[in-house]
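Chemist: Sequence plus the predicted model coming up.
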Amino acid sequence: MTETGHLVVLVGDEPPMGELAVEFEVVTVRERTRAIDRVETAAVSCVVVDGREDDRLETVAAVHEAAPSVPILYVTATPDGTAE
């Protein structure tokens with residue numbers, strides 16, 4: 001377990017910034033398979049998926065299938081309420 005007791009997996013290219021990195025242990029991965037490995041082998045509090053890549057909706061589905069009880073946040077570049 002982490003110092004804070006909360007592990008967040010960030011799927012994307014950019015490192016976390018601000019309060020997220022202070023309050024949680026954040027592990028950044030780029031590949032879907034690594035995110036799935038994390039949720040299957042560690043006590044993950046949440047997964048954040050950076051929606052700027054083409055296949056990220058598939059990543060959300062795969063992570064949910066591997067760990068249906070882990071919350072997933074899907075973040076898009078434009079907060080317009082749509083995901084493609």
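Modeler: Received the coordinates, thanks.
Chemist: Tell me which helix or strand in this structure has the weakest average pLDDT.
Modeler: Lowest on mean pLDDT, DSSP states H and E among the helices and strands of the chain sits helix 19-23, with a mean of 59.
Chemist: and the next helix or strand after it, which strands flank it?
Modeler: The helix or strand immediately downstream of helix 19-23 is strand 25-29, counting by DSSP states H and E. Here strand 25-29 is paired, per DSSP bridges, with strand 7-11 (parallel).
Chemist: could I get the partner strand in CSV with only the CA atoms?
Modeler: As requested, C-alpha coordinates have been extracted for strand 7-11 and formatted as CSV (Å, rounded to 0.1, in the frame of the first residue of the first chain):
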residue,chain,number,x,y,z
LEU,A,7,-3.0,4.3,-5.8
VAL,A,8,-4.1,6.0,-9.1
VAL,A,9,-3.1,4.6,-12.5
LEU,A,10,-2.9,7.3,-15.2
VAL,A,11,-3.0,6.0,-18.7
